[in-house]
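Colleague: below are the sequence and a predicted model; questions follow.
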Amino acid sequence: MYGDLAAHHGIAGVSIDNGTETNVDFYAQYRLDNMLVWTSAILTNGPHTLKVRVKGTKNASSTNYYIAIKDVAVTRTDASANLISNSGFESGATGWSVLNSDIPSNNINSRAGNYCGR
């Protein structure tokens, strides 16, 4: 997952398949755009649910609680090609792009969708 870090950003809780939530701090003293902020462990083949929650907490140096997710990339372990992508996620400007025929999409809304890797 890629996001923007800034002095007014807070902490998100990230989990997969209702597993243990990991804190991801989006704070940085100076703005850093499109940074890799979180990766998961290798997952089994099949559907998974990624959950990102604005926790309402922040780094002591932050001035606010914003979270800015820019992109979510799903890759295969046997190849480095992204399987889905949405570079306009935060603004809602673009829908999800399915970059591999192994992933059928039943919803291509900007901020929602169900995807299943095979």
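Modeller: It's in.

Colleague: identify the residues contacting G13.
Modeller: Taking CB atoms under 8 Å, 6 or more residues apart in numbering, we find G13 in contact with E21, T22, N23, V24, K51, V52, R53, K55. Quick note: C-beta positions are derived from backbone N, CA and C, even for glycine.

Colleague: ugh, typo on my part, it should be M1
Modeller: M1 makes contact with V14, V24, L36, V37, W38, T39, L50, V52, I69, D71, V72, A73, according to CB under 8 Å, 6+ apart.

Colleague: hang on, isn't the fourth one packed against T22?
Modeller: It refers to V37. No. Checked against CB atoms under 8 Å, the pair V37 and T22 is beyond contact range at 10.5 Å.

Colleague: report all helices and strands that the biggest strand by length in the chain contacts.
Modeller: Taking DSSP state E as the criterion, the chain has its longest strand at strand 50-57. Helices and strands touching strand 50-57, by 3 or more CB pairs under 8 Å, 6 or more residues apart in numbering; DSSP states H and E, are strand 11-16.

Colleague: may I have the helix or strand that the strand it packs on is followed by as PDB, with CA atoms only?
Modeller: Going down the chain from strand 11-16, the next helix or strand is strand 22-25, by DSSP states H and E. Extracted C-alpha coordinates of strand 22-25, given in PDB (Å, rounded to 0.1, in the frame of the first residue of the first chain):
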ATOM      1  CA  THR A  22      -1.100  -3.100  12.400                       C
ATOM      2  CA  ASN A  23      -0.600   0.600  13.100                       C
ATOM      3  CA  VAL A  24       0.700   2.600  10.100                       C
ATOM      4  CA  ASP A  25       1.900   6.100  10.900                       C
END
